[in-house]
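Participant: The following comprises the amino acid sequence and a computationally predicted model.
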Amino acid sequence: RRGAAAGQGLRDGGRSAGREKPAACDRRAGTRPLPNKKLGEEPENRAATPALRPQTSREGERKMLYIYGVTDRGMVREANEDRFAGEVFDRGSGYAVVCDGMGGEVGGGIAAGIAAEEVRRMIESSLRPHMEERSLHLLLQTAIDGANRAVFTRSRQSGGALDGMGSTLCAAVVSDGTALVANVGDSRCYLLREGELSRVTEDHTAVAALLRQGLLTPEEAACHPDRHAITRAIGVEPEVQPDYTVIDLKTGDALLLCSDGLYNALPPGELTEALQEVLRGADIHTMINKANAAGGPDNITAVLMHNR
C-alpha cells in the first residue's frame, strides 16, 4: 500500500460518471501522491503504510487545529486509486482534500492525482491566516475549477487512452473556526460534535437523488444496481458545480473527509465509534483496520481535521 504524507494526496477508485462501479451489494446502509512516489500512493507492504502525521499549528504553544490522514488499498482492489492531501498553516487555518478516481486502474489514479495536486498547489500557495468566508469560497472555487480543467485537459490530450477518467472530490478549508466544505461525487464529509455524527455533504449519485425524492428507502438504496452511478465528477465535463457548506466550528469538533470505501464498510454507529477512538488517541489506522475487518471491498481513505 502507499500512504500519503502532508502535502501529498490522490488515488482513483474504478468508477465512471454515470456508470456503475463494480462492487458487491452494500449490506450496510449509512454513513469512500506518484513514482518517487506519486501523491497518495501506498507502500507495497501494508504494515508499513505511512499516514499523514498529526499536523498542528506552527505558532506558539497553543495548537488548535490538527489533521490526520491515511489511505489503504482495501482487501479486494488490486490498486489504490484514492488520493488525499492536507496541511495546517497556523493556529487556526488549514485544509484537507480527498479524491477517489474513476476510469479504470490507469485513468482513475491519474485523475485523482491531478485533482488532489491542483487543489493542494492552489490552497498552499494562497491560504492566509484570518481569511473571511468570501475569500475562502473564492479560493476553494478557484482550486476546484483548476482541478477540473486539468483533469479534463489531460483526458482530451491522451489520444483516447484516458477517455472518461474523472474523480470525486471532497475538500475543506478552515480559518479561525470557519470551515468551508466542497464536494463533487460521493466522497463525503462528516461532522462529529459532542459525540453525535452528522453528514455534511450530499452524494452526487443517481440513487441519492432518488432517496431525496422519497422514491427509495435506505435499505433499497443500499443494494440498488445504480448505487455507484456518479452524476457529478471532476474532469468529465469542461465545467463542474460543487456543493458548498459553511460550518462554524466549536472547540472539540472534528471533520472527517473520506472515500466511499470507509462509509460503505462501516455503518454510522461503528464509524462514530472508530472516529472517537482516534480522537481519544488511537492511531488513524484504526479506521482503516475496522473497514478492512468488515471486508474492505474498496479503497479506503480517511482524513480527520480536529479543532481542539
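Facilitator: Happy to help now that I have it. Small disclaimer: the values here were computed from a predicted structure and weren't measured.
Participant: need the helices for the stretch 51-200 of the chain, in chain order.
Facilitator: Taking DSSP state H, counting those that start in this stretch as the criterion, the stretch 51-200 of the chain contains helices spanning 104-126, 133-156.
Participant: Check the gap between Ile114 and Gly86 for me.
Facilitator: Noted for Ile114: a distance of 17 Å to Gly86, by CB to CB, to the nearest Å. Heads up, the C-betas are built off the backbone N, CA and C, glycines and all.
Participant: nope, Ala171 is what I was after
Facilitator: Note on Ala171: its distance to Gly86, by CB to CB, is 10 Å.
Participant: Neighbour count for those two, which is higher?
Facilitator: Between Ala171 and Gly86, counting by other CB atoms under 10 Å, Ala171 is the more crowded of the two (31 against 28).
Participant: Surely that one touches Val119?
Facilitator: Yes. Between Ala171 and Val119 there is a contact at 5.8 Å, judged by CB atoms under 8 Å.
Participant: what sits in contact with each of the two?
Facilitator: When contacts are counted by CB atoms under 8 Å, 6 or more residues apart in numbering, the set common to Ala171 and Val119 consists of 95, 97, 143-144.
Participant: got a winner among these for most neighbours?
Facilitator: With neighbours taken as other CB under 10 Å, the top of these is Val97, carrying 31 neighbours.
Participant: mind checking pLDDT for the closest residue to that residue other than its chain neighbours?
Facilitator: Sequence neighbours aside, Ala171 is the residue nearest to Val97 in space, at 4.1 Å (criterion: CB to CB, 6 or more residues apart in numbering). In this model, Ala171 is scored at 98, pLDDT.
Participant: same deal with Leu34?
Facilitator: In this model, Leu34 is scored at 25, pLDDT.
Participant: just Pro43 next, same as before
Facilitator: If you check Pro43, the pLDDT there is 39.
Participant: could you point out where this structure is predicted with low confidence?
Facilitator: Scanning the chain for pLDDT under 70 picks out 1-63, 104-105.
Participant: Just give me the neighbour total for the residue lying closest to His306 once chain neighbours are set aside.
Facilitator: Computed as CB to CB, 6+ apart, the closest residue to His306 that is not its neighbour in sequence is Tyr66, at 4.3 Å. Counted with other CB under 10 Å, residues neighbouring Tyr66 total 18.
Participant: Please tell me how far Glu270 sits from Ala293.
Facilitator: To Ala293, Glu270 is 10 Å away according to CB to CB.
Participant: cool, Ile300 as well?
Facilitator: 11 Å.
Participant: Could you do Ile284 as well?
Facilitator: 16 Å.
Participant: And those two? Which one has more around it.
Facilitator: Neighbours were counted for Ile284 and for Ala293 using other CB under 10 Å; Ile284 has more, 20 against 12.
Participant: Grab the most central residue of this protein for me.
Facilitator: Central residue of the chain (CA atoms, centre = their mean): Val98, 2.6 Å from the mean position.
Participant: Please list all residues in contact with it.
Facilitator: With CB under 8 Å, 6+ apart, Val98 has these contacts: 9, 82-84, 116, 168-171, 187, 257-259, 301, 303.
Participant: and stretch 267-282, how far from the chain's centre?
Facilitator: 17 Å (CA atoms, centre = their mean, to the nearest Å).
Participant: what about the closest residue to Ser198 other than its chain neighbours, how many neighbours?
Facilitator: Of all residues not flanking Ser198 in the chain, Leu191 sits nearest, at 5.2 Å (CB to CB, 6+ apart). Residues lying near Leu191 (other CB under 10 Å) number 19.
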